[in-house]
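J.: below is the structure, and that's it, no one-letter string:
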Ligand code: 2PG
Ligand code: MG
């Protein structure tokens, strides 16, 4: 049993250059943990707010005055007690006083130091009951960016390579191959254009959503034919972002809920989608349920903004059979204890979970350990960019320890 003797919180920046914080925690025996809070752009309405009013500077002041005195000296091994103390100091339902970003960084940094103190790999310290850590997540890797992550791109936010293999190295190789093939297809289509990459490292191009999906699906097919790796197309629509006044608004037309349902069912059938995240607005539990009923035997239907990793929202989703999978982001709820409550509830219902990065992220690898420990079906962490490969490389380290 060791106690926390060093504790700090500092201002840093994420991959978008937005201000965030990182926490450092150490006990008296040299066990240390450091972690920062990632940040979203297409945040769900029910996520905990990242910062108190006044932003990061106010968060740092509050940490010094209120959190540090309460947390210093606590038992490092007591994960629940640590996270409960964060809630107690905050005193609100949703970390609106201290900020979910502060809670996230402190919860994670303590967990990393704790695993060090216990002398076990991080994934093992996070292992869920009944698991042995031998499962490997498929890679949900962003190849083409749209929505809020790529101005001028398609309405759908993310076009993914869903890459699975018993060998993690092959899953990573497959995802990278699809990313490359998408890039080549875009360069061939727009020879005069200087193409770039968006917030999550996927390509950005002036294509519509359907056109983008056609390019992605063809790229998956080419890679499958050339390598025999299992790569299939998937989407995160982040549909709340283009839902307005009861309609899903595309460039030159709009669809009501039934129209969106019919359109998406056709896409699943035509392109063999294996992953569909947030196909409807974040409050449209009924649309989610109809869609899951129609295609849930063929594809993962993943809820992100609809659940925001909240166990209460997930409970409603399970009761209404709104999807068959839930996206998991620690900073949507602020602590690992709350996050694991959601993971455990999903697992008890027979749903799969997908561990996810944020569009503004950090070059840290803990998410790979989280995915393995939580038995996640997928690791959604992008493909290219330092903050994205940090997670893929950590998964490779976990899969093939030195
Ligand atoms: C999402 C995420 C991550 P953001 O919608 O799933 O890909 O985006 O972090 O901007 O919410
Ligand atoms: Mg999403």
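T.: Arrived safely. Since the structure is predicted, the reported quantities are computational estimates derived from the model, not experimental observations. Ligands and ions are numbered 1, 2, ... in the order given.
J.: so which bits of the stretch 101-250 of the chain are right by ligand 1?
T.: 158, 200, 236, 238 (Cβ under 6 Å from any ligand atom). Glycine gets a C-beta too; all of them are placed from N, C-alpha and C.
J.: mark which of those residues are part of strands, please.
T.: 158, 236 (DSSP state E).
J.: show me which pair in the residues of the stretch 101-250 of the chain next to ligand 1 is furthest apart.
T.: Within these, 200 and 238 form the most distant pair, 11.6 Å apart (Cβ to Cβ).
J.: shared neighbours of these two, which are they?
T.: Taking Cβ atoms under 8 Å, 6 or more residues apart in numbering as the contact rule, residue 200 and residue 238 both touch residue 158.
J.: give me the nearest residue to residue 380, chain neighbours excluded.
T.: Spatial nearest neighbour of residue 380, chain neighbours left out: residue 140 (3.8 Å); criterion: Cβ to Cβ, 6 or more residues apart in numbering.
J.: for the one you found, give its distance to residue 124.
T.: Distance of residue 140 to residue 124, given as Cβ to Cβ, to the nearest Å: 23 Å.
J.: the longest helix in the protein is where?
T.: In the chain, taking DSSP state H as the definition, the longest helix is helix 168-189.
J.: state the pLDDT value of the closest residue to ligand 2 within the stretch 251-400 of the chain.
T.: At 3.5 Å from ligand 2, residue 304 is the closest residue in the stretch 251-400 of the chain, using Cβ to the ion. With respect to pLDDT, residue 304 scores 98.
J.: how about residue 153?
T.: Residue 153 is given a pLDDT of 89.
J.: and it, what does it touch?
T.: 144, 145, 146, 147, 198, 204, 205, 206, 207, 212.
J.: wait, which of these is closest to ligand 2?
T.: Using Cβ to the ion, those come closest to ligand 2 at residue 147, 9.3 Å.
J.: ok, the closest residue in space to the closest one that isn't next to it in sequence - contacts?
T.: Of all residues not flanking residue 147 in the chain, residue 157 sits nearest, at 3.2 Å (Cβ to Cβ, 6+ apart). Residue 157 sits next to 42, 145, 146, 147, 148, 149, 236, 237, 238, 241 when contact means Cβ under 8 Å, 6+ apart.
J.: residue 140 and residue 124: which is more packed in?
T.: It is residue 140, of residue 140 and residue 124, that has more neighbours when counted by other Cβ atoms under 10 Å, with 32 against 16.
J.: wait, that one sits on residue 354?
T.: Yes. Between residue 140 and residue 354 there is a contact at 6.3 Å, judged by Cβ atoms under 8 Å.
J.: what touches both of the two?
T.: What both residue 140 and residue 354 touch, as defined by Cβ under 8 Å, 6+ apart, is the set 378, 379, 380.
J.: among these, which one has the most neighbours?
T.: Ranked by the number of neighbours (other Cβ under 10 Å), the shared contacts of residue 140 and residue 354 place residue 380 first, at 31 neighbours.
J.: how many other residues sit next to the closest residue to residue 58 other than its chain neighbours?
T.: Nearest non-adjacent residue to residue 58, counting by Cβ to Cβ, 6+ apart: residue 52, 5.0 Å away. Using other Cβ under 10 Å, the number of residues around residue 52 comes to 21.
J.: list the buried residues of stretch 209-216.
T.: 209, 210, 212, 213, 214, 215, 216 (16 or more other Cβ atoms under 10 Å).
J.: contacting residues around the last one?
T.: Yep, that's residue 216 we're talking about. Residue 216 touches 143, 144, 159, 160, 161, 178, 182, 233, counting by Cβ under 8 Å, 6+ apart.
J.: hmm, 10 Å instead?
T.: With contact set as Cβ atoms under 10 Å, 6 or more residues apart in numbering, residue 216 has these partners: 143-144, 156, 159-161, 178-179, 181-182, 185, 202-203, 232-235, 271, 273.
J.: in ChimeraX, select just the buried ones from the residues you listed.
T.: To isolate the buried ones among the contacts of residue 216 in ChimeraX, judged by 16+ other Cβ under 10 Å, type:
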select :143,144,156,159,160,161,178,179,181,182,185,202,203,232,233,234,235,271,273
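J.: doesn't residue 283 make contact with residue 306?
T.: Yes. Applying Cβ atoms under 10 Å, one finds residue 306 in contact with residue 283, separated by 7.6 Å.
J.: need the overlap of contacts for these two.
T.: Counting by Cβ under 10 Å, 6+ apart, the common neighbours of residue 306 and residue 283 are 45, 46, 240.
J.: can you select the buried ones among the residues you listed for me in ChimeraX?
T.: Selection of buried members from the shared contacts of residue 306 and residue 283 for ChimeraX, criterion 16+ other Cβ under 10 Å:
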select :46,240
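J.: closest one of the shared contacts of residue 306 and residue 283 to ligand 2?
T.: Taking the shared contacts of residue 306 and residue 283 together and measuring to ligand 2 by Cβ to the ion, the closest member is residue 240, at 9.4 Å.
J.: so what's the closest one closest to, chain neighbours aside?
T.: In this structure, residue 240 finds its nearest non-sequential neighbour in residue 282, 4.5 Å apart by Cβ to Cβ, 6+ apart.
J.: which residues does that neighbour contact?
T.: Neighbouring residues of residue 282 by Cβ under 10 Å, 6+ apart: 44-46, 238-241, 243, 288, 303-308, 313.
J.: buried subset of the residues you listed?
T.: 44, 46, 238-241, 243, 288, 303-308, 313.
J.: of those, which pair is most distant in space?
T.: Farthest apart among these by Cβ to Cβ are 241 and 313. That separation is 18.3 Å.
J.: check what pLDDT residue 210 gets.
T.: Residue 210 is given a pLDDT of 96.
J.: that one and residue 156 touch, don't they?
T.: Yes. Residue 210 lies in contact with residue 156 (Cβ under 10 Å); the separation is 9.0 Å.
J.: for residue 356, which non-adjacent residue is spatially closest?
T.: Once flanking residues are discounted, residue 356 sits nearest to residue 380: 4.3 Å by Cβ to Cβ, 6+ apart.
J.: for the one you found, which residues are in contact?
T.: 137-142, 158, 160, 162, 200, 234, 236, 275, 277, 302, 304, 327-329, 354-357, 367, 371, 391.
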